[in-house]
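>>> Mind looking at a prediction? Sequence and model below.
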Amino acid sequence: MIELTSKQRRNLEKIAHDIEPVVIVGAAGVTDGVIKMVQASLDAHELIKIKFNEYKDEKTELTQKICTATDATLVRIIGNRAILYKQAEKPEDRKITI
């Protein structure tokens, strides 16, 4: 997990503006399947959105749990959507520069 400056967060928010959520947290909550899906999505895209259809009151805690499990960084929670970022390990695989 990396620490982002406010300028980096704003930049990532702008990039994420037109991105649709790729993971949806539903009635089952944050399961191992959701964690695996988030990890795979982060590996493929680096920057993703998660939508909370259920557990809206616990979205902050659940997002922290997801970030810890996937080693991702929370960019921001806006409404019932969380924006997560995880830089690709190999420099040649990086799509986003912060």
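Looks like it came in fine. Keep in mind it's a predicted model, so treat the numbers as computed, not measured.

>>> and the gap between the residue nearest to D71 when sequence neighbours are not counted and T70?
Leaving aside its chain neighbours, D71 sits nearest to M1 (5.6 Å; criterion: Cβ to Cβ, 6 or more residues apart in numbering). Bear in mind the C-beta positions are built from the backbone N, C-alpha and C, glycine included. In this view, M1 and T70 are 9 Å apart by Cβ to Cβ, to the nearest Å.

>>> Which one of those two is surrounded by more residues?
Counted by other Cβ atoms under 10 Å, M1 and T70 do not tie: T70 has more neighbours, with 20 against 12.

>>> on that earlier part again, dump the residue contacts of the residue nearest to D71.
Listed by Cβ atoms under 8 Å, 6 or more residues apart in numbering, the contact set of M1 reads C67, T68, D71, A72, T73.

>>> Over to S41?
Taking Cβ under 8 Å, 6+ apart, we find S41 in contact with V22, V23, I48.

>>> Can you pull up the most central residue in the chain?
L84 (2.1 Å; Cα atoms, centre = their mean).

>>> any idea which helix or strand comes after the helix ranked longest in the chain?
Longest helix of the chain, by residue count under DSSP state H: helix 32-45. Remark: after helix 32-45, the chain's next helix or strand is strand 47-52, criterion DSSP states H and E.
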